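**Q** predicted model follows, preceded by the sequence.
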Amino acid sequence: MNFVEARASEIHSRPNVPVGPLPEHELPAFTPELAAELEPFYARVKHIVTPMEWPHYAPLIKAINTLKAQRNAVVLAHNYMTPEIFHCVGDFRGDSLQLAKEAARTSADVIVQAGVHFMAETSKLLSPDKTVLIPDLKAGCSLADSITPEYVRMLRQAYPGVPIVTYVNTSAAVKAECDICCTSSNAVKVVEILGAPRVLLIPDEHLSKYVQTQTDVEIIAWKGHCEVHERFTAKDIEEISAADPGTKIIAHPECPPDVLNVADFTGSTSAMINWVKTNHPRKVALITECSMASNVAVETPDVEFVRPCNLCPHMKRISLENIYEALRDMRHEVTIDPAVAEKARRAVERMINLTN
Ligand code: 13P
Ligand code: SF4
């Protein structure tokens with residue numbers, strides 16, 4: 001898939017972009033003055049966003065940035081957001097750990113999570129006094145859906161005394177049943193820091209198998225999978241390498257082991273981005289959600305990207321339209337039962353304290 005086709009599928013895959021436009025009077029018109037005012041934003045994304053798309057995005061970007069100032073709000077944009085969100089309305093950008101830490105640090109009253117529901121919950125855990133909004137309540141995650149608090153309690157009984165580490169891609173209710181949280185950027189460190197010979201690492205089987213290759217601690221896995229990363233195969237990588245053997249393969253640890261075995265580098269979304277920015281490969285394939293390549297391409301125009309275009313249907317529920325609606329109507333507020341939140345917060349804070 002070439003860059004234009006990938007970009008087109010990125011746009012058309014969104015499940016909930018409103019069928020009709022927002023009422024016209026709500027948004028500023030795309031006048032020459034507005035175009036001039038937003039030129040610095042367009043300059044950031046013009047390699048990716050076409051001049052035909054920009055008159056649609058620019059009024060929304062202006063309206064969102066105005067509402068952010070009025071409501072003392074910030075937008076936390078995950079690396080998988082599309083470029084017009086990531087580069088034009090995101091105040092903080094990064095992987096799930098970085099975004100959660102920014103949520104805790106910001107002095108804003110309102111946080112809009114441009115990401116999925118477990119990320120918004122993590123922000124709420126670390127910022128209980130702030131209003132956390134998610135633009136679409138259906139922005140879920142197949143990993144978070146793969147395990148429930150009841151299953152964690154069953155694991156606790158089946159493996160007495162074995163610490164339970166939960167990947168951040170889980171609900172607050174699951175985190176509340178676990179000893180400590182981890183992310184793809186610190187999973188090995190967290191598993192080792194516990195000092196136990198055996199650790200349950202839930203729910204991503206592939207992440208657990210990857211961590212097992214990096215540590216002597218025995219890892220017991222759960223069979224959850226990311227519906228986006230599990231689709232990559234060793235054959236996909238063979239085809240990319242056969243087309244150009246110089247292409248560097250950079251993969252997220254949620255990919256299956258036979259993909260990770262042939263990767264030149266494995267890391268969290270931000271670690272993958274840093275690898276590209278530091279190493280400046282001639283050509284690179286980012287084996288992860290497809291929007292990330294668009295976002296990095298904006299900052300590394302000298303690097304050629306191969307885009308095996310797997311899109312996360314949950315991440316793609318977030319659009320400029322529903323970010324605008326979230327700020328306009330202060331919806332959808334993320335709340336967590338206080339008893340659950342207290343225990344879940346402990347697991348997240350323990351991770352942050354032990355890995356800082
Ligand atoms: P990161 O923590 O690496 O950003 O990953 C989150 C995620 O959902 C990957 O699919
Ligand atoms: Fe969940 Fe996978 Fe989407 Fe990440 S890419 S949010 S792990 S379904």
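**A** Ah, there it is. Ligands and ions are numbered 1, 2, ... in the order given.

**Q** find the nearest non-adjacent residue to the spatially most central residue of the chain, please.
**A** In the chain, the centroid-proximal residue (Cα atoms, centre = their mean) is His78; its distance is 4.2 Å. For His78, the nearest residue in space outside its immediate sequence neighbours is Gly115; the separation is 3.7 Å by Cβ to Cβ, 6 or more residues apart in numbering. Where C-beta positions appear, they are placed from N, C-alpha and C, glycine not excepted.

**Q** the one you found - how many residues pack around it?
**A** Using other Cβ atoms under 10 Å as the criterion, Gly115 is surrounded by 27 other residues.

**Q** correct me, but it touches Ala77?
**A** Yes: counting by Cβ atoms under 8 Å, Ala77 is a contact partner of Gly115 at 7.4 Å.

**Q** what do the two both touch?
**A** Both Gly115 and Ala77 are in contact with Leu99, where contact means Cβ atoms under 8 Å, 6 or more residues apart in numbering.

**Q** so what's Glu218 up against?
**A** Counting by Cβ under 8 Å, 6+ apart, Glu218 touches Pro197, Arg198, Val199, Gln212.

**Q** so how far is Phe265 from it?
**A** Distance of Glu218 to Phe265, given as Cβ to Cβ, to the nearest Å: 25 Å.

**Q** could you do Ala242 as well?
**A** Computed with Cβ to Cβ, the distance linking Ala242 and Phe265 is 20 Å.

**Q** out of these two, which sits in the more crowded spot?
**A** Neighbour comparison, Ala242 and Phe265: the larger count goes to Phe265, with 16 against 9 (by other Cβ under 10 Å).

**Q** dihedrals phi and psi, that one?
**A** In this entry, Phe265 is assigned phi and psi values of phi -150, psi 140 (degrees, to the nearest 10).

**Q** which positions in this protein make contact with ligand 1?
**A** On the criterion Cβ under 6 Å from any ligand atom, ligand 1 has as its neighbours in the chain the residues Asn79, Asp95, Ser96, Asn169, Thr183, Ser184, Cys226, His252, Glu254, Ser268, Thr269.

**Q** leaving out chain neighbours, which residue sits closest to the last one?
**A** This points to Thr269. Excluding its sequence neighbours, the residue lying closest to Thr269 (Cβ to Cβ, 6+ apart) is Asn79, at 4.0 Å.

**Q** for that neighbour, give me its contacts.
**A** Phe86, Arg93, Gly94, Asp95, Thr269, Ser270, Ile273, Ser291, Met292, Asn295.

**Q** and of those residues, the nearest to His47?
**A** Asn295 (10.9 Å; Cβ to Cβ).

**Q** count of neighbours near that closest one?
**A** Applying other Cβ under 10 Å, we find 25 other residues in the vicinity of Asn295.

**Q** ok but it is inside a helix, no?
**A** Yes: using DSSP: H, G, I helix; E, B strand; the rest coil, the assignment for Asn295 is a helix.

**Q** ok, it - contacts?
**A** Applying Cβ under 8 Å, 6+ apart, the residues near Asn295 are Asn79, Met81, Pro83, Phe86, His87, Arg93, Ile273.
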